[in-house]
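Novice: Sequence and predicted structure below; questions after.
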Amino acid sequence: MPIYVQMARCCWIICFLVFSSLFRAYEASPGDSDQLYRACLSQCQKTSCVGARCFSCCNSASDGSPLDASWYNIKHLYFWWNHWDCQSNCRYHCMLYRENERAELGLEPVKYHGKWLSRRQYGFQEPISVAISALNLVMHFHGWRSFSNLIYYSLPLKPDKTPFYDYAGLFNIYGLLAMNAWFWSAAFHFREMDLTEKLEFSSFVALLGYSIILAIIRSFSLRTDAARVMVAAPIVAFATTHILFLCNYKMDYEWNTKVCIGMGIAQVASWSIWCGATEHPCRWKLRMVVVGGIFGVVVKMLDFPPYQGLVNSEVVLNASNIPLTYMWWNFIKDDAEFRTVNLLKKVR
């Protein structure tokens, strides 16, 4: 049996096992199921106070403007930068209050609404995550720009001015999706709102789904439109259904985490199988990316609480993506050169 047929079978079996394991019941996080936390939320929405701390965001007129309009006008910029709506403030301060109580009792931290509590700093929801997301965005922009310059200006082009590299368009789309995802990641970690939450989650699901499609197409050298559509259709359908579920039914963090881990495993599995079978001269770079991807999946699955309320497993995962992104785009550029040279030899 040809090696690529064996690879295809292994890849689809792994993908099936990964995704079928995701469909099981999920429950609310321990923190938001806590009766004391719920009582704190209810009291906060009535009094705008959590313990000795009070704020004015829940005391608004019927049109949503603050009752203390003069204070709002005088300190408009400061209010905008540090303003949080009633629900966000009540959730954050009730979580903080309950976690302090738990720490005094010697209890371990728990999740609230599917997430660990992260402490606000300088008006940022999660300042370290914002910085890391911005760095990932910069790395993808640099990689995408250098890739585009390579294939359109450094390497030979066909008579119709299109690249010889078969996957140029696919990787250009990948670069745009990656930059979009990291932009909304930075926006979400800067200020968690319903809009930024939906855009961040949807963008990463779309990126992960597209990454699986790209991994399969490149690994098995699929060049015909029919073969690419057959691969893409079920994955696009799955990713779209999941995005619609999150945006229109329930924004469930833990369920989304399971889905994203499954999609990450499927992508890593596809590249891993190809790494073991290919004789590509730059396969060592891809192997480093695969090892880094496995590390990221393991860290995400460990899901440990934030150290000092700032650094959790997601922060470590996103930070590890920065050097991997550099290595990944280097491999893509090497692959473009390798494929172009081989195709030119055949043409001549």
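Specialist: Alright, I've got the coordinates.

Novice: Quick check: the residue nearest the centre of the chain vs L176, distance?
Specialist: Centre of the chain computed as the mean C-alpha position; nearest residue by CA atoms, centre = their mean is F204, 4.2 Å away. F204 sits 14 Å away from L176, going by CB to CB, to the nearest Å. For the C-beta atoms, the positions are set from N, CA and C on the backbone; glycine is no exception.

Novice: Could you list the buried residues of stretch 148-159?
Specialist: For stretch 148-159, the neighbour count (16 or more other CB atoms under 10 Å) marks 150-151, 155 as buried.

Novice: And for stretch 333-348?
Specialist: Buried residues in stretch 333-348 (16+ other CB under 10 Å): 333-337, 339-340, 343.

Novice: Just the ones in helices from the residues you listed, please.
Specialist: 333-337, 339-340, 343 (DSSP state H).

Novice: ok, those vs G276, which is closest?
Specialist: Closest approach to G276 among those (CB to CB): D335, at 16.8 Å.

Novice: Does the closest one touch R283 like I think?
Specialist: No: between D335 and R283 there is no contact under CB atoms under 8 Å: 9.7 Å.

Novice: Please parse this structure into its domains.
Specialist: With domains defined by automatic domain parsing, the chain comprises 3-27+126-347, 31-104.

Novice: Can you flag which of the buried residues of stretch 148-159 belong to helices?
Specialist: Per DSSP H, the subset of the buried residues of stretch 148-159 in helices is empty.

Novice: which residues in the stretch 1-150 of the chain form helices?
Specialist: 3-20, 30-33, 35-47, 69-74, 76-82, 86-104, 127-149 (DSSP state H, counting those that start in this stretch).

Novice: quick one on the thing from earlier: three-state assignment of the residue nearest to the centre of the chain?
Specialist: Three-state assignment for F204 (DSSP: H, G, I helix; E, B strand; the rest coil): helix.

Novice: Could you double-check that it sits in contact with A181?
Specialist: Yes: using CB under 8 Å, F204 is in contact with A181, at 5.0 Å.

Novice: Which positions in stretch 286-297 come out as buried?
Specialist: Residues 286, 288-290, 292-293, 296-297 are the ones in stretch 286-297 that count as buried (16+ other CB under 10 Å).

Novice: Among the buried residues of stretch 333-348, which one sits closest to A237?
Specialist: Nearest to A237 among the buried residues of stretch 333-348 is D335, at 28.3 Å by CB to CB.

Novice: Now the buried residues of stretch 148-159 in a markdown table, please, with extra columns for distance to M193 and pLDDT.
Specialist: Formatted as a markdown table, those follow (distance: CB to CB, whole Å; pLDDT from 0 to 100):
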| residue | distance to M193 | pLDDT |
| --- | --- | --- |
| L150 | 38 | 96 |
| I151 | 38 | 95 |
| L155 | 43 | 92 |
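
Novice: any chance of those residues in CSV, with distance to S48 too?
Specialist: Converted to CSV, the buried residues of stretch 148-159 look like this (distance: CB to CB, whole Å):
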residue, distance to S48
L150, 57
I151, 57
L155, 62
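
Novice: Which ones among those residues lie within strands?
Specialist: Judged by DSSP state E, the buried residues of stretch 148-159 include no members of strands.

Novice: Might you list the low-confidence residue ranges for the stretch 201-348 of the chain?
Specialist: Within the stretch 201-348 of the chain, the segments meeting pLDDT under 70 span 347-348.

Novice: Show me where it has its strands.
Specialist: Applying DSSP state E, counting those that start in this stretch to the stretch 201-348 of the chain gives no strands.

Novice: In it, mark out all the helices, start to finish.
Specialist: Counting by DSSP H, counting those that start in this stretch, the helices of the stretch 201-348 of the chain are 225-248, 253-277, 283-302, 313-347.

Novice: Which stretch among those helices is buried most, on average?
Specialist: helix 253-277 (a mean of 20; mean count of other CB atoms under 10 Å).

Novice: how far is that helix from where the chain is centred?
Specialist: Distance of helix 253-277 from its chain centroid, counting by CA atoms, centre = their mean, to the nearest Å, is 13 Å.
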